[in-house]
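[1] Generate coordinates for the sequence data below:
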Amino acid sequence: MALSKFSTILVPINGSAPSMRAADAAVELAKKYSNDGGAVELIALHVIDISPKLQLLGAYGFSFSDYTKKMIEATRREASSWFSKIEENTKVQDNLHFRSEVTDNSTVSIVGEIVNYAERENVDIIVIGTRGQSEFEKLLLGSVTSGVTIYAPCTVMVVK
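    Prediction:
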């Protein structure tokens, strides 16, 4: 795919420094392509990690729905502050539309949710951060980043 065709950019966000660096890179990429005359949509996506262990409790008659609802609401509030920072960087740009979404991985893994979302939204590129602060950890991509690079239906840019 030619770089000039990036019109839908997805950046998965979890609030970590690497994900926010990826968001900065995604904003710069979106600005570049919107300056070239085309409309660009930047989508920030946060996937709430709903533990499969909690779901198993439901099979044994335990109710985890109240806990899950509270966790989802708290996470949505936290994610909105991350999204606000990203959106602020996109406001001065014509032809650049910002959208944020919060979803959960209640039916698939976090990787699966990101990949499925990218497919549903016809994303052209996923910009994702790595994890790790030590020299050894810097050699590793992280399980989510690694999975997204393997299974994504589109180009993936990994940001250190």
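
[2] among the helices and strands of this structure, which has the poorest mean pLDDT?
    Counting by mean pLDDT, DSSP states H and E, the chain has its least confident helix or strand at helix 135-138, which shows a mean of 49.

[3] Helix or strand next in line after it, which one?
    Sequence order places helix 143-151 as the next helix or strand after helix 135-138, per DSSP states H and E.

[4] can I get the CA coordinates of that next one in CSV?
    Extracted C-alpha coordinates of helix 143-151, given in CSV (Å, rounded to 0.1, in the frame of the first residue of the first chain):
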residue,chain,number,x,y,z
SER,A,143,2.7,-9.4,23.6
VAL,A,144,-0.1,-7.1,22.3
THR,A,145,2.2,-5.2,19.9
SER,A,146,3.7,-8.5,18.6
GLY,A,147,0.2,-10.0,18.1
VAL,A,148,-1.1,-6.9,16.3
THR,A,149,1.9,-6.9,14.0
ILE,A,150,1.3,-10.6,13.1
TYR,A,151,-2.5,-10.5,12.7
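
[5] For it, give me every contacting residue.
    Residues from elsewhere that reach helix 143-151 (Cβ atoms under 8 Å, 6 or more residues apart in numbering): 12, 109-112, 114-115, 126, 128-131, 141, 156, 158. C-beta coordinates here come from the backbone N, C-alpha and C atoms, glycine included.

[6] what is the mean pLDDT for it?
    Averaged over helix 143-151, pLDDT sits at 90.

[7] Check the offset of that helix from the chain's centre.
    12 Å (Cα atoms, centre = their mean, to the nearest Å).

[8] List the buried residues for it?
    Neighbour-count burial for helix 143-151 flags V144, T145, G147, V148, T149, Y151 (criterion: 16 or more other Cβ atoms under 10 Å).

[9] do stretch 109-123 as well
    Neighbour-count burial for stretch 109-123 flags S109, I110, V111, E113, I114, V115, N116, Y117, A118, E121, V123 (criterion: 16+ other Cβ under 10 Å).
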